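**Q** Got a predicted structure plus its sequence, pasted below:
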Amino acid sequence: MEPLLLESKALLRKELREAVARAQEAGRLPRLFVEEIEIETPKDRAHGDLATNLALVLAKAAKMPPRKVAEIIVAELTPTEPILRVETAGPGFINFFFPPSWREEAIRRAIAQGADYGRTAVLAGQRIQVEFVSANPVGPLNVVNARAGALGDSLARILAFAGAVVEREYYINDHGVQVSLLGRSVEARCRELRGETVVFPPEGYQGAYVYDLAREFLAEAPADFWTRPEEERVEICREFALARILARQRADLESYGIRYDRWFSERDLHRSGEVQRVFQSLAAAGHVYEEDGAKWLRTTSFGDDKNRVLLTADGRPTYLLADIAYHLDKLARGYDRIIDIWGPDHHGHVIRMKAALAAAGADPGRLEVLIAQQVNLLREGRPVKMSKRAGEFVTLRELVDEVGNDAARFYFLLRSAESHLDFDLSLAVACSNENPVYYVQYAHARVASIMRQAAAEGMTEDATLLRFPAGKLGLPEEMDLADRVAAFPEVAAMAALWREPHRLTGYLMDLAGAFHAYYNQHRVLTEDRTLAHARLALVRAVQITIANGLNLLGVSAPERM
RNA sequence: GCGCCUGUAGCUCAGCGGAUAGAGCAGCUGCCUUCUAAGCAGCCGGCCGCAGGUUCGAUCCCUGCCAGGCGCGCCA
């Protein structure tokens, strides 16, 4: 079922185009090219339910004042079914008004579709992969990972709701110096726990979790461990720590409500020879040169501001080379789009990655990168210090333990991804109006409460609500609520097209606000049985919309609070 | 120096090129015998960083400045 609002807009576009054509036919408007006709929802209800700037756009080419153009178009317009009235207004807008029956239809569609209400087909036929979090497996996930997690998971839900086939992927950077440093750090702590005085690796990981790993390892260390040479001990420790950390990251993400379709190991790319093959093909394409013993990729030919090393002077592949291989692998898997969510420390890498893909002959336009910007963690308005190397930081796990999944996810999705975010822990736990997530959930729970109250009277089944009497709803607040419900599919579709989950949080807060105001002002379960029936249908439609919206954010919709 | 992100109410931030720029918090004033007060109503609060440009129309697009953050390794 096509969403009502989108359906009505499409119809209007068609009728406007025909009206312009007729006016041109009759010689009342000059022949001119009409592009995509914009239909918007005016902020002010007095300006209609829908409006178009068509006359303003055409005025210059038509060499006529905009209002005149608007009047000519309106004169040719024979509005059908959903349109009650048409007017010209302001500098030359054409405004359209719907009858109350349009809103009743919007309510019926929401109830009829239930959990599917808001689904669209705007991304139908597209395969999209979202890769997010992908933290180095050298320690616990932090708050930026938590933000990226909320963002990626919500985006994946939103894309799927808009008709795309979506896959979630986690890239494991289990190759290279970072993980071997982890091995050294754990091995050093093992010796330390054994009573040796050790020189800790200078760049090693200082966090307390490294001691924990060392203790866990020693509890089950192979009998001959200490007889092995240091390099072997480091390797054994590295593999142990890697497995433990990955398992913990996966568990933390799952309890945060995130599951992946695929965990992709960087090692596999090296082992399979894929990394070398990619290097060979870049070299064969003539984009590689040698300097100071290293092999460089000429990314400047593709828009980068400097060239990048692919193979170091001692022959090791760089992170970039492996990352090119990884992205080529993803593209070769046939996704129409691959969306990466990177941390703030990687935002400078977008251009070089796209340049490198172009050098490899791939279409860089198929890669979209979203940056999950930094999170300033506050408590009581004062900054909480975070430094991974010093080992003092707040983990995703600690955050979720303190504020809960719903508050954490909603809070992260309140802002656009690229804005720097202040996250005040003391606000996120507050059970008060300072905390927006409860505001929205409370609206849902309040409807549930009304439904429980009405259950005795046998009016709460959706099939029954669907048959609510026409003509009973007419209050401005009721029209407003119905309009907001009707707008949901389009909001969800826009969130998908623009990759902006935060549109949903804003929408939901507005919808919840309109509901709370209505709830305080008007009683749903009135003496008038038919009126109560119609109002129940309205608030049920609101409840379904809120539940579906929260679900897209990965936030629960409680029946009571 | 170069690149990316951000400058909107006291604070944190929304705002698809449209009509009178919004919300929450903070401050002030009211509302619980009625479906949940985690709520509602009202007041206070704005050179939309600055200057040009494009446009019928700019908070939004372009250019240049200014300010803040981050990145700029043959680490990841």
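**A** Perfect, I can see it now. Residues are numbered from 1 along each chain as shown, chains lettered A, B, ... in the order given.

**Q** contacts and neighbour counts: CA atoms only from here.
**A** Fine.

**Q** Now do the contacts for residue A:342.
**A** Taking CA atoms under 8 Å, 6 or more residues apart in numbering as the criterion, residue A:342 is in contact with A:132, A:133, A:148, A:369, A:370, A:371, A:372.

**Q** redo that, cut-off 10 Å
**A** A:131-135, A:144-145, A:148, A:349-350, A:369-373 (CA atoms under 10 Å, 6 or more residues apart in numbering).

**Q** now swap in residue A:536 and tell me
**A** Here residue A:536 is in contact with A:447, A:450-451, A:454, A:459-460, A:462, A:465-466, A:468, A:524-525, A:530, A:542 (CA under 10 Å, 6+ apart).

**Q** Nearest to residue A:42 among those?
**A** Of all the contacts of residue A:536, residue A:542 has the smallest distance to residue A:42: 21.1 Å, by CA to CA.

**Q** Report the central residue of chain A.
**A** By CA atoms, centre = their mean, the mean C-alpha position of chain A lies nearest to residue A:155, the distance being 2.8 Å.

**Q** Provide a list of residues in contact with that one.
**A** Neighbouring residues of residue A:155 by CA under 10 Å, 6+ apart: A:130, A:149, A:161, A:166, A:339, A:495-496, A:498-502, A:552-554.

**Q** Can you tell me how far it is from RNA strand B?
**A** 15 Å (CA to the nearest atom of the strand, to the nearest Å).

**Q** Go ahead and list the helix or strand containing that residue.
**A** helix A:143-161 (DSSP states H and E).

**Q** I'd like the next helix or strand past that helix.
**A** Past helix A:143-161, the next helix or strand by DSSP H and E is strand A:165-172.

**Q** hmm, that following strand in reach of RNA strand B?
**A** No. Residues of strand A:165-172 are not located near RNA strand B by CA under 7 Å from any atom of the strand, the shortest gap being 8.3 Å.

**Q** Let me know the average pLDDT across that strand.
**A** What strand A:165-172 shows for mean pLDDT is 96.

**Q** one step back: would you turn the contacts of residue A:536 into JSON lines with neighbour count and pLDDT?
**A** Compiled in JSON lines, the contacts of residue A:536 are given as follows (neighbours: other CA atoms under 10 Å; pLDDT from 0 to 100):
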{"residue": "A:447", "neighbour count": "23", "pLDDT": "97"}
{"residue": "A:450", "neighbour count": "17", "pLDDT": "96"}
{"residue": "A:451", "neighbour count": "21", "pLDDT": "96"}
{"residue": "A:454", "neighbour count": "17", "pLDDT": "92"}
{"residue": "A:459", "neighbour count": "18", "pLDDT": "83"}
{"residue": "A:460", "neighbour count": "20", "pLDDT": "87"}
{"residue": "A:462", "neighbour count": "16", "pLDDT": "94"}
{"residue": "A:465", "neighbour count": "23", "pLDDT": "95"}
{"residue": "A:466", "neighbour count": "24", "pLDDT": "95"}
{"residue": "A:468", "neighbour count": "22", "pLDDT": "96"}
{"residue": "A:524", "neighbour count": "21", "pLDDT": "96"}
{"residue": "A:525", "neighbour count": "18", "pLDDT": "94"}
{"residue": "A:530", "neighbour count": "15", "pLDDT": "94"}
{"residue": "A:542", "neighbour count": "27", "pLDDT": "97"}
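
**Q** for those, which one is nearest residue A:277?
**A** Of the contacts of residue A:536, the one sitting nearest to residue A:277 (CA to CA) turns out to be residue A:542, at 55.1 Å.

**Q** what's the burial count for the closest residue to that closest one other than its chain neighbours?
**A** Using CA to CA, 6 or more residues apart in numbering and skipping the chain neighbours, the partner closest in space to residue A:542 is residue A:485 (6.2 Å). For residue A:485, the count of nearby residues is 27 (other CA atoms under 10 Å).

**Q** now residue A:438
**A** 23.

**Q** Tell me the gap between whatever helix or strand it lives in and the middle of its chain.
**A** Assigned by DSSP H and E, residue A:438 belongs to helix A:436-455. On the basis of CA atoms, centre = their mean, to the nearest Å, helix A:436-455 sits 25 Å off its chain's mean C-alpha point.

**Q** One more: stretch A:229-243?
**A** On CA atoms, centre = their mean, the centre of stretch A:229-243 falls 38 Å from the chain's centre.

**Q** just stretch A:406-423 next, same as before
**A** The answer for stretch A:406-423 is 11 Å, by CA atoms, centre = their mean.

**Q** Check stretch A:118-136 too.
**A** On CA atoms, centre = their mean, the centre of stretch A:118-136 falls 9 Å from the chain's centre.

**Q** does that stretch come close to RNA strand B?
**A** Yes. Stretch A:118-136 lies within reach of RNA strand B by CA under 7 Å from any atom of the strand, at residue A:136.

**Q** what does the stretch 51-200 of chain A put close to RNA strand B?
**A** A:51-54, A:56-57, A:60, A:89-91, A:93-95, A:136, A:173, A:175-178.

**Q** From these, which land in helices?
**A** Among these, the members falling in helices (DSSP state H) are A:54, A:56, A:57, A:60, A:177, A:178.

**Q** And residue A:154, how far from residue A:34?
**A** 37 Å (CA to CA, to the nearest Å).

**Q** ok, the two, which is more surrounded?
**A** Neighbours were counted for residue A:154 and for residue A:34 using other CA under 10 Å; residue A:154 has more, 26 against 12.

**Q** Pretty sure that one sits against residue A:409.
**A** Yes. Using CA atoms under 10 Å, residue A:154 makes contact with residue A:409 at a distance of 8.9 Å.

**Q** Check the contact lists of the two and give me the overlap.
**A** With CA under 10 Å, 6+ apart, residue A:154 and residue A:409 have common neighbours A:148, A:553, A:554, A:555.

**Q** Redo the residues you listed as JSON lines? Include pLDDT.
**A** Below are those laid out as JSON lines (pLDDT from 0 to 100):
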{"residue": "A:148", "pLDDT": "93"}
{"residue": "A:553", "pLDDT": "96"}
{"residue": "A:554", "pLDDT": "96"}
{"residue": "A:555", "pLDDT": "96"}
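
**Q** okay, now residue A:124: neighbour count?
**A** Using other CA under 10 Å, residue A:124 is surrounded by 14 other residues.

**Q** what does residue A:463 give?
**A** For residue A:463, the neighbour count with other CA under 10 Å is 11.
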